[in-house]
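Asker: one predicted model, sequence on top.
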Amino acid sequence: MNNCIVAFCCEHSAYPAADLAGKLKLHYPENLRIIRVPCAGRVDLIHILKAFEKGAAAVMVMGCEGGACHHMTGNTRTKERVKYCNLLLREIEADGRLVAMFNLSPNAPHKFVGAVNEITKRIKESGR
Amino acid sequence: METKIGVFICNCSGTLNNIDFDAVVKKVVELPGVTSIKFISPLCLEEGKKKMLSCIREENIEKVVVAACSPEFKEHVFREVLENAGLNGHLFSMANIKEQCSWVHEGDVTGKVVELIKMAVSRTRLLQPVKMNNFSVNREVLVVGGGFEAINAALQLSRAGLRTTLLEREAVLGTGTTELENLCGFDINAMVMEVKGDENIEILAPAEVIETSGKIGDFNVRIRKGGEEISRKYGALVIATGYQTKLALESKLKSDVNIVSQEKLCHMLEDPELRIRPRTIGFMLDFADENSRLPTLATLNNALAAKRKWGSEVYVFCKNVKVDSERIERLYQEARDCGVMFLKSDVSPKVAAENGKIKIEAKDIFLGEDINLTCDVLVAEECLLPAEETEALSSILNIRRDSRGFYQDENVHLYPVASEKKGIFFIGGCRGNLDLSRVLTDVSSVVVSIYKLLSSGNILAEVERVKVDPQKCVACLTCIRICPHNAIQLVRVDGGKEVAEICDLACEACGICAAMCPAKAITFQGYRDEEILAQVETIGES
Ligand SMILES: Cc1cc2nc3c(=O)[nH]c(=O)nc-3n(C[C@H](O)[C@H](O)[C@H](O)COP(=O)(O)OP(=O)(O)OC[C@H]3O[C@@H](n4cnc5c(N)ncnc54)[C@H](O)[C@@H]3O)c2cc1C
Ligand code: SF4
Ligand code: SF4
């Protein structure tokens, strides 16, 4: 997978934030691949693990701000799943920080870019 | 045979200038399933849409991928083109090559564009159609409660042409609203008369709800009225059961005649036979209950009235004066101008009864000094609580309450007045919203929401977009517990087995259940595991 970053983006928050980043002509690394989901809560373990199996450098799950999830509990449920995924990665001696949940609002393009930069930094630190 | 996918590419009138579209076309044409590829720009305007439509027809395209801007802005536009061409609107994906590619990267992005289109095509190959259906709904509405809020809502619903039933626990309507008459000049009696004379409104009082079942457009409600049980059907339910107040007082002070409630003070102010006017009055505010909007309004009104009518000295002991509702800031200013003293303290002042007077000890944080005040009358702080039986009614309706026991909005930011169960709404006091301007806004919001849902007698909705496979479901109840919109019920299918079933009208298509079901029994068209994984697997292939 050429060390891509796979980002599952909630259509109520992260996806429009990414669109705004585009409108503002902000920049982030080209290896980001966004997959639009109706709610962060739709993202399952299998989706994340398959991305790693295919060679993704990192996986981001991006949903609404805590307490402001469009579907109330979607972001918190997936946060737990992401935490579990951290453990799985550690178990196979990979860097657990390469899968992460980010919370942002739809009008936060800079936060979106910040998150992508953060994960890029983690990829570098982990030596990939 | 593989379905024919048509790919339409747009460069947004030339704003995507770091893409080599010829190279893109050459690569995309080789993708499995793609039978047609067209470059049309701008695709979203009339001429572009016309070209797209005729191309879909002429080349017998069955599914469509559009590589252009964000689906956030244009998905509905292109979906409409598909539908006009006789295709199902769900057989469609977009590759966001503008906001999420060309505009965020410098230099040539042709490679990434090809990959984004590839991801969209791989998803589209798996897409299945989703039918729409007109579900017929009952146009009658039940309003539970018989106070100011309920009467107001019933009148407006009736004016909007929806038959309404008003169900009140007590025998008479409009009790418990004297405060509103005093404070805001509403003529409750006239409103009650109007409700009684309205042919579109039926009044059940005294009566109570004992059981509800069903879903939006089709609720079954069992009602007890005068020892008799009746069953009714409604399209929507409105809860307007109000709130109650409790005095925040130590038990030994409760019987003291000089410690009164706001309501008692109101009566004293109105009493022409009152012999002795209190010379000094103290108020307590915002110590025991931080949700003090309504007590603040009452305190300011009553403090002003006492000042004007009796010329009393008035002291308001408070933690904060919360002036975040209409008119209150002005009232506060008026009170200050009239000489009402506001004493701010962090902790609740000490109160003691002594020789027929009330002694108050407080520490004012602005003066930094201890204050000892002896007053004739103390108006105790009032805490606002949910009405009696809120808990019982919430379990009858199967809807949530918040940490204070009031009914909980579906999503406080997005859907105030809606419960998590579609078709059940709250107004004002029972959801902890307690000043008049907010209550009136709630009434309007509820009436508009219900009008939108029920007025035509039909709701157009997707059929089985999210669906439980009864063969796979093991009735573990996970989905029923976690669905944030309360859209799933357990039903009995042929053969007596119980399985989960999703109500199409109530489902908001979030997909949380599909991710949680341990038996993988739930499919969400457009976001099935296959469709998501197909995109994941395509990444980096090229
Ligand atoms: C959209 C909106 C939302 C708001 N939401 C809230 C909210 O949630 N909660 C909230 O508290 N406010 C809210 N406010 C109101 C705003 O915070 C008020 O203006 C606030 O109460 C003023 O406090 P202050 O300390 O800024 O003002 P100040 O004027 O510095 O202090 C006011 C306080 O000091 C006391 N004080 C001042 N002088 C004296 C004196 N000489 N002797 C004795 N006491 C004195 C007064 O009794 C009063 O309690 C909101 C306002 C808006 C517009
Ligand atoms: S979570 Fe799955 S198995 Fe459990 S009740 Fe729901 S559909 Fe059936
Ligand atoms: S998709 Fe969401 S709203 Fe629909 S049934 Fe599943 S959990 Fe409930």
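Answerer: Sure thing, it's come through. Worth saying up front: this structure is predicted, and the values here are computed from it rather than measured. Numbering: from 1, shown residues only, chains lettered A, B, ... in the order given. Ligands and ions are numbered 1, 2, ... in the order given.
Asker: can you give me the strands in the stretch 1-150 of chain B?
Answerer: According to DSSP state E, counting those that start in this stretch, the stretch 1-150 of chain B carries its strands in the segments B:5-9, B:34-39, B:63-68, B:92-96, B:132-136, B:141-144.
Asker: what do you get for the stretch 351-500 of chain B?
Answerer: Assigned by DSSP E, counting those that start in this stretch, the stretch 351-500 of chain B shows strands spanning B:357-364, B:369-375, B:377-379, B:382-386, B:424-426, B:458-462, B:466-468, B:488-492, B:498-502.
Asker: distance of B:Q408 from chain A?
Answerer: Separation of B:Q408 from chain A (C-beta to the nearest C-beta, to the nearest Å) stands at 10 Å. Quick note: C-beta positions are derived from backbone N, CA and C, even for glycine.
Asker: burial of residue 25, as a residue count?
Answerer: Because you didn't say which chain, this covers chain A. Per other C-beta atoms under 10 Å in any protein chain shown, the neighbour tally for A:K25 reads 11.
Asker: other chain: chain B
Answerer: As a burial measure, B:V25 scores 16 neighbours (other C-beta under 10 Å).
Asker: residues in contact with it?
Answerer: Residues near B:V25 by C-beta atoms under 8 Å, 6 or more residues apart in numbering or on different chains: B:I9, B:I37, B:F39.
Asker: output those as CSV; include the columns distance to ligand 1.
Answerer: Output for the contacts of B:V25, formatted as CSV (distance: C-beta to the nearest ligand atom, whole Å):
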residue, distance to ligand 1
B:I9, 47
B:I37, 53
B:F39, 51
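Asker: thinking again about what came up before, among the strands of the stretch 1-150 of chain B, which comes closest to ligand 3?
Answerer: Closest to ligand 3 of the strands of the stretch 1-150 of chain B, according to C-beta to the nearest ligand atom: strand B:132-136, at 15.5 Å.
Asker: how about low-confidence regions in chain A?
Answerer: For chain A, the stretches with pLDDT under 70 are A:1, A:128.
Asker: do the same with chain B
Answerer: Along chain B, segments meeting pLDDT under 70 span B:176-185, B:542.
Asker: for B:H267, give me phi and psi.
Answerer: For B:H267, the backbone dihedrals are phi -60, psi -40 (criterion: degrees, to the nearest 10).
Asker: with the one 10 residues further on instead?
Answerer: As for B:R277, its main-chain torsions (degrees, to the nearest 10) stand at phi -80, psi 130.
Asker: distance of the residue of chain B most remote from its centre from B:T374?
Answerer: The centre of chain B is farthest from one residue, B:N355, which by C-alpha atoms, centre = their mean lies 51.9 Å away. Distance of B:N355 to B:T374, computed by C-beta to C-beta, to the nearest Å: 9 Å.
Asker: list the contacts of B:A160.
Answerer: Contact analysis of B:A160 by C-beta under 8 Å, 6+ apart lists B:V447, B:I450, B:Y451, B:S455.
Asker: B:L300 versus the last one, what's the distance?
Answerer: Between B:S455 and B:L300 the distance is 40 Å, computed by C-beta to C-beta.
Asker: returning to that earlier point: among the contacts of B:A160, which lie within helices?
Answerer: Judged by DSSP state H, the contacts of B:A160 include B:V447, B:I450, B:Y451 as members of helices.
Asker: can you add distance to ligand 2 and neighbour count and give the residues you listed back as CSV?
Answerer: Output for the ones in helices among the contacts of B:A160, formatted as CSV (distance: C-beta to the nearest ligand atom, whole Å; neighbours: other C-beta atoms under 10 Å in any protein chain shown):
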residue, distance to ligand 2, neighbour count
B:V447, 35, 25
B:I450, 30, 24
B:Y451, 34, 17
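Asker: residues of the stretch 351-500 of chain B that sit close to chain A?
Answerer: Applying C-beta under 8 Å from any C-beta of the partner chain, one finds that the stretch 351-500 of chain B approaches chain A through B:E410, B:N411, B:H413, B:L414, B:E420, B:I482, B:P484, B:H485.
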